[in-house]
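Return atomic coordinates for the entry below.
(2 chains)
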Amino acid sequence: MKIATWNVNSLTVRLQQVVAWLNSNPVDVLCLQELKQTDEMFPKEVFQKLGYHAWWRGQKTYNGVAIISRLPGDEVVGELPHLEDPQRRFLAVTVQGVRVVCLYIPNGGELDSDKYAYKKQWLAALFQWLEGEYGRYPRLVVTGDYNIAPAALDVHKPAMWEATPIFSPEMQESFRQMLAMGFGDCFRTLHPQEVQYTWWDYRLGGFSRNQGLRIDHILASPAMLSGLASCVIDKIPRGWDRPSDHAPVVATFE
DNA sequence: ATGGCTCGTGTAACGAGA
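Predicted structure coming up:
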């Protein structure tokens, strides 16, 4: 099973790129973040024609997540329990016994902001929910835009980013907490030393200078990790015209 | 030293992103 995640920064703008990418990368499951469109706008017919089922949680202007899958799915959950959250950032679906989770973890603004407090509150609710899922679903894959760089290797300028909610020591610890739960970071597991990013700033020629961050992740439970055959960050769409600032990440499980 | 781009909204700038 091939599972991918991609923050598209507006599905309205990026739809043709998503279709083009799927045509050359026919993954089984694709998790999308930052749809930036209402539920009525979601192009379900486009994905149906490509042979995909789809589930989505949208809202006006910001956020929004979707999961599309070749095989049917069930046990759909569209919000985190115990968190009153008007922002659409969470979606989970079970496909062929694999529990797939699509996350758009809050950015966090500045360290002293309400947005950072919200990010921490959101993560606490996520961890609480994941503890339950972990026991319930041996085959569990948690994908998405984490807005957390796990280690210095994943950050172009670690000292600068340490002063932000993307790479603060506290957020590095949060990521380690997820690994301590038993999850493996698919990319880092297969490529312990490689410097590869999933996001590059639109400004400053971030992509051409390869100044970026690795903040989009696929985490897998031990039962899934034992079958992990590859994990690739696909930089090609980042070089297209009007690209998303994020690259897709693809994990293949045997 | 600052902001440098790309979104949506709505039709001008502005907030948000990371």
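
For chain A, list the residues in contact with DNA strand B, please.
Contact residues (C-beta under 7 Å from any atom of the strand) of chain A with DNA strand B: A:7, A:9-10, A:12-13, A:34, A:36-37, A:60-62, A:106-107, A:109-110, A:115, A:145, A:147, A:164, A:166, A:199, A:201-204, A:213, A:215, A:242, A:245-246. Every C-beta, even on glycine, is put in place using the N, C-alpha and C of the backbone.

The stretch 101-250 of chain A: strands as residue ranges?
A:140-145, A:184-185, A:199-200, A:212-213, A:216-220, A:228-233, A:249-253 (DSSP state E, counting those that start in this stretch).

Show me what the last one is packed up against.
Contacts of strand A:249-253 with other secondary structure elements, assessed using 3 or more C-beta pairs under 8 Å, 6 or more residues apart in numbering; DSSP states H and E, are made with strand A:2-7, strand A:140-145, helix A:186-190, strand A:216-220, strand A:228-233.

Quick check on the residues of chain A next to DNA strand B: which are buried?
Using 16 or more other C-beta atoms under 10 Å as the burial test, these include A:7, A:9, A:34, A:36-37, A:106, A:145, A:147, A:164, A:166, A:199, A:213, A:215, A:245-246 as buried.

Which members of those residues are the farthest-apart pair?
A:37 and A:164 (27.5 Å; C-beta to C-beta).

model confidence over stretch A:78-88, on average?
What stretch A:78-88 shows for mean pLDDT is 96.

again with stretch A:173-190
The model assigns stretch A:173-190 a mean pLDDT of 98.

Need the residues that contact it.
The contact list for stretch A:173-190, computed with C-beta atoms under 8 Å, 6 or more residues apart in numbering, reads A:120, A:123, A:127, A:130-131, A:134, A:140, A:142, A:146, A:148, A:150-151, A:196, A:214, A:217-222, A:225, A:228, A:230-231, A:233, A:249, A:251.

do that again at 7 Å, thanks
Residues from elsewhere that reach stretch A:173-190 (C-beta atoms under 7 Å, 6 or more residues apart in numbering): A:123, A:127, A:130, A:134, A:142, A:148, A:150, A:217-222, A:225, A:228, A:230-231, A:233, A:249, A:251.

before we move on, the earlier item: dump the helices and strands packed on strand A:249-253 to JSON lines, plus distance to residue A:69.
Shown next, in JSON lines, are the helices and strands packed on strand A:249-253 (distance: least, C-beta to C-beta, whole Å):
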{"stretch": "strand A:2-7", "distance to residue A:69": "9"}
{"stretch": "strand A:140-145", "distance to residue A:69": "12"}
{"stretch": "helix A:186-190", "distance to residue A:69": "18"}
{"stretch": "strand A:216-220", "distance to residue A:69": "15"}
{"stretch": "strand A:228-233", "distance to residue A:69": "19"}
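
Near the residue nearest to residue A:50 when sequence neighbours are not counted, how many residues? Count them for me, please.
Computed as C-beta to C-beta, 6 or more residues apart in numbering, the closest residue to residue A:50 that is not its neighbour in sequence is residue A:22, at 6.0 Å. Neighbour count for residue A:22, taken as other C-beta atoms under 10 Å: 19.

Residue A:196 and residue A:216 touch, don't they?
No. Using C-beta atoms under 7 Å, residue A:196 is not in contact with residue A:216; the gap is 10.8 Å.

Compare the two and say which is more crowded by neighbours.
Taking neighbours as other C-beta under 10 Å, residue A:196 and residue A:216 compare with residue A:216 leading, 25 against 17.

does that one have beta-bridge partners, and which?
residue A:145 (DSSP bridges).
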